[in-house]
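>>> build me a model from this:
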Amino acid sequence: MPEIHPTAVVHPTAEIADDVKIGPFCVVGEHVKLGPGCVLHSHVVIDGPSSFGSGNEFFPFSVIGLKSQDLKYQGEPTYLEVGNNNVFRENATINRATDIGGATRIGSNNLFLVSCHAGHDCQIGNHVIFSGFATAAGHVTVGDYAILAGCCAVHQFASIGEHSMVGAMARVSQDVLPYTIVEGHPAVTRSVNSIGMQRRGFSEEDLRAVRMCYKKLFVNKKLSVQEAIEELRNSDYAENPCLKRIVEFVETSERGFCH
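Okay, here's the model as predicted:
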């Protein structure tokens, strides 16, 4: 049976795995599913419809799965879907989606630090870090292994590419290319995330390909974006998967990307 503190309030429709631990003064709402090994320390609020995989850990005053803060939301059924082994530290907040039948989705092995926020309809990958007070507005997409540093703010509908890093207190109003570092107010692309790529096992060829992309797109001011893309497609690294990913990202960006 789950270990539920006498002061906790758990809705009778909540589906709780047998080894879940729910600490003092927690509230688990209607239509919540908590998978094996989830731990709610104390004063945690989880509402639904929302589902959580195994091994998720919730620290005091985290508020997860409550309704969208979008003024257009009129109470339609929306969802939060969370994978495995995520950590939600103190005061972290995650909202359900806005549109009927829609879902905010969070993958696995993510870390949400103190007082960070992911708004309605966010799509967050795996191994992502939201540092303290980092915020993502509604409909933000965050790729795998991205890092959002403290107090940064990401505009709605922006995309943060995989293996990228957003600097502390940055104001991100456009997309962030994979494998890059942005910072500033407004955020601009400062460099390749070389150290992050090395730590995650990317090859020297991958690093050279990404550095060439950076030079073509950000350093060579004589080239338009389309001209830079054409040169990348005809370069010696044209078949490199990192280069292909950057080209794809640029060409599908709807907001433009941080320069």
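>>> what's near enough to touch Ile229?
Residues in contact with Ile229 (C-beta atoms under 8 Å, 6 or more residues apart in numbering) are Val247, Val250, Glu251. To be clear about C-beta, it is placed using only N, CA and C from the backbone, and glycine gets the same treatment.
>>> repeat that for Glu231.
Lys216, Leu223 are the contacts of Glu231 under C-beta under 8 Å, 6+ apart.
>>> ok, it to Val142 distance?
Distance, Glu231 to Val142, by C-beta to C-beta, to the nearest Å: 29 Å.
>>> now rank the contacts of Ile229 by neighbours and give me the top one.
Sorting the contacts of Ile229 by how many neighbours each has (other C-beta atoms under 10 Å) puts Val250 first, at 20 neighbours.
>>> check which helices and strands the helix or strand harbouring that residue sits against.
Using DSSP states H and E, Val250 sits within helix 241-252. Packing partners of helix 241-252 (3 or more C-beta pairs under 8 Å, 6 or more residues apart in numbering; DSSP states H and E): helix 204-214, helix 225-233.
>>> how about that helix, which residues are buried there?
Residues Cys242, Leu243, Arg245, Ile246, Val247, Phe249, Val250 are the ones in helix 241-252 that count as buried (16 or more other C-beta atoms under 10 Å).
>>> now render these as CSV, adding pLDDT and distance to Pro178.
Below are the buried residues of helix 241-252 laid out as CSV (pLDDT from 0 to 100; distance: C-beta to C-beta, whole Å):
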residue, pLDDT, distance to Pro178
Cys242, 98, 8
Leu243, 98, 10
Arg245, 98, 6
Ile246, 98, 6
Val247, 98, 11
Phe249, 98, 6
Val250, 98, 10
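>>> show me the two of those that sit farthest apart.
Cys242 and Val250 (12.9 Å; C-beta to C-beta).
>>> now do the contacts for Cys38.
Ala17, Val20, Lys21, Phe52, Ser54, Gly55, Asn56, Glu57, Phe58 are the contacts of Cys38 under C-beta under 8 Å, 6+ apart.
>>> perfect, that will be all.
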